[in-house]
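**Student:** Can you look at this prediction? I've put the sequence above it.
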Amino acid sequence: MPEPVTVERLAETFKALGDPTRVRMLSALSRAELCVCDLATLLGATESAISHQLRLLRSLRVVRARRDGRMVFYRLDDDHIVRLLAQGRAHVEETRGARLGSLT
């Protein structure tokens, strides 16, 4: 069994990925480094709401920030997050395809 602290952090990470807005944010960040204003525009949300979500994702080491002058740009923290999102998406799309196939 993993250490209790590892189990807790893993559960927190999956909990963070359990929000549709955060999944959309992470999907966008998997394609490009973006600032808060770009994410807000892309997702149709306020900059305040996006900043709040990014704070949570940074605390879990899901995203990281890079400052360039007064601008802060965000990207996924590492390739583990990229793979986790890709595998989750593949699983959901595969499961959805199997269900649609069984309905015909």
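**Tutor:** Thanks, I have the structure now.

**Student:** Every contact and neighbour count from this point should use C-alpha atoms.
**Tutor:** OK.

**Student:** where in the chain is pLDDT low?
**Tutor:** 98-104 (pLDDT under 70).

**Student:** So the residue nearest the centre of it versus residue 4, what's the distance?
**Tutor:** Closest to where the C-alpha atoms of the chain average out (Cα atoms, centre = their mean) is residue 26, at 3.1 Å. Distance of residue 26 to residue 4, given as Cα to Cα, to the nearest Å: 27 Å.

**Student:** wait, isn't the residue nearest to the centre of the chain in contact with residue 76?
**Tutor:** Yes: counting by Cα atoms under 8 Å, residue 26 sits close enough to residue 76 to count as a contact (7.1 Å).

**Student:** what touches both of these two?
**Tutor:** Common neighbours of residue 26 and residue 76, counting by Cα atoms under 8 Å, 6 or more residues apart in numbering, are absent.

**Student:** Show me the helices in the chain, by range?
**Tutor:** 4-16, 20-31, 36-43, 47-59, 79-103 (DSSP state H).

**Student:** Just put those helices in TSV and tack on distance to residue 69.
**Tutor:** What follows is the helices of the chain, written out as TSV (distance: least, Cα to Cα, whole Å):
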stretch	distance to residue 69
helix 4-16	29
helix 20-31	20
helix 36-43	14
helix 47-59	18
helix 79-103	26
